[in-house]
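Q: sharing a sequence plus its predicted fold:
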Amino acid sequence: MVSRTTADAKGDVVVLLIGMRINRFWAVHLWLPVMLAMFRMLRELEKDPARGLRGRVMLTASPRTYYVVQYWESKEKLYAYATAPDAFHHKAWARLNRKERTGKLRGQVGIWHESYVVPEGSYEAIYGDMPAFGLAAAHGQVPLEKRGRYAKDRFSYRSQQEPVAEKTG
C-alpha cells in the first residue's frame, strides 16, 4: 500500500448525503422499515451499476442519526434513479408519503437528503495509509504525487489539461 494517496476523480463529482433520524426509539415499527428500505435501495444499486452509483460510505452521526454518503456518476443518473418507476426508491417513497399523509410518521422518524455537484477544482482528497475510501473508493486511488503534494496543487489539477501550443518562429 502506498503511504499517501489521493482520489483519481476527474470532472465534476456528484455527492448525495441521505439519511434518517430516529426521533422516538420506541417506535421501532416505524423507523426500522425506513432503515431497511435504504439497505434495499443500496443493494439494488450495487446489483445494477448502470444506474450510476459509484460508491458509498455508511455513517452514523449519533445513536439516533444514520446516513449514507453516495458518489454518483452524474446528477442525471441520480435524478433518473430517484424518479424511475421500476426502482425500489419509487415504491419506498410512495409508501413513506402515504404514512406521512396519515400522520403515522410525524415526530417518529426524520428523513433528509442533500445533493451536491462539486465542480472539478473544488475538491481534493488525501489518504494516509488507507485503503480506497470515500471519494477514492468511488473514483479510484492514485499516489499523491500524481496530483500534487499540497492541497493547493490537488485543487488546481484538471483532468482536461489544455494542450500547450507550439511556438512558431
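A: Cool, the structure landed.

Q: using PDB, write out every CA atom in the helix ranked longest in the chain.
A: The helix that spans the most residues within the chain, counting by DSSP state H, is helix 28-47. What follows is helix 28-47 as a C-alpha-only set of coordinates in PDB (Å, rounded to 0.1, in the frame of the first residue of the first chain):
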ATOM      1  CA  VAL A  28     -39.200   0.700  16.000                       C
ATOM      2  CA  HIS A  29     -42.100  -0.400  13.800                       C
ATOM      3  CA  LEU A  30     -41.900   3.000  12.100                       C
ATOM      4  CA  TRP A  31     -38.200   3.800  11.800                       C
ATOM      5  CA  LEU A  32     -36.900   0.200  11.100                       C
ATOM      6  CA  PRO A  33     -38.700   0.000   7.700                       C
ATOM      7  CA  VAL A  34     -37.100   3.300   6.700                       C
ATOM      8  CA  MET A  35     -33.700   1.900   7.600                       C
ATOM      9  CA  LEU A  36     -34.300  -1.400   5.800                       C
ATOM     10  CA  ALA A  37     -35.600   0.400   2.700                       C
ATOM     11  CA  MET A  38     -32.200   2.300   2.500                       C
ATOM     12  CA  PHE A  39     -30.400  -1.100   2.700                       C
ATOM     13  CA  ARG A  40     -32.600  -2.500   0.000                       C
ATOM     14  CA  MET A  41     -32.000   0.500  -2.300                       C
ATOM     15  CA  LEU A  42     -28.300   0.200  -1.900                       C
ATOM     16  CA  ARG A  43     -28.400  -3.500  -2.800                       C
ATOM     17  CA  GLU A  44     -30.500  -2.700  -5.800                       C
ATOM     18  CA  LEU A  45     -28.000   0.000  -6.900                       C
ATOM     19  CA  GLU A  46     -25.000  -2.300  -6.300                       C
ATOM     20  CA  LYS A  47     -26.600  -5.000  -8.500                       C
END
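
Q: buried ones in it?
A: 30-31, 33-34, 37-38, 41-42, 44-45 (16 or more other C-beta atoms under 10 Å). Where you see a C-beta, it was placed from the backbone N, CA and C, and this is true even at glycine.

Q: packing partners of that helix?
A: Taking 3 or more C-beta pairs under 8 Å, 6 or more residues apart in numbering; DSSP states H and E as contact, the helices and strands that helix 28-47 lies on are strand 13-22, strand 53-60, strand 65-72, helix 88-101, strand 109-118.

Q: redo the ones you listed as a markdown table? Include distance to G140 and mean pLDDT.
A: Supplementary listing: the helices and strands packed on helix 28-47 in a markdown table, determined by distance: least, C-beta to C-beta, whole Å; pLDDT from 0 to 100:
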| stretch | distance to G140 | mean pLDDT |
| --- | --- | --- |
| strand 13-22 | 12 | 97 |
| strand 53-60 | 10 | 96 |
| strand 65-72 | 11 | 97 |
| helix 88-101 | 27 | 89 |
| strand 109-118 | 17 | 95 |
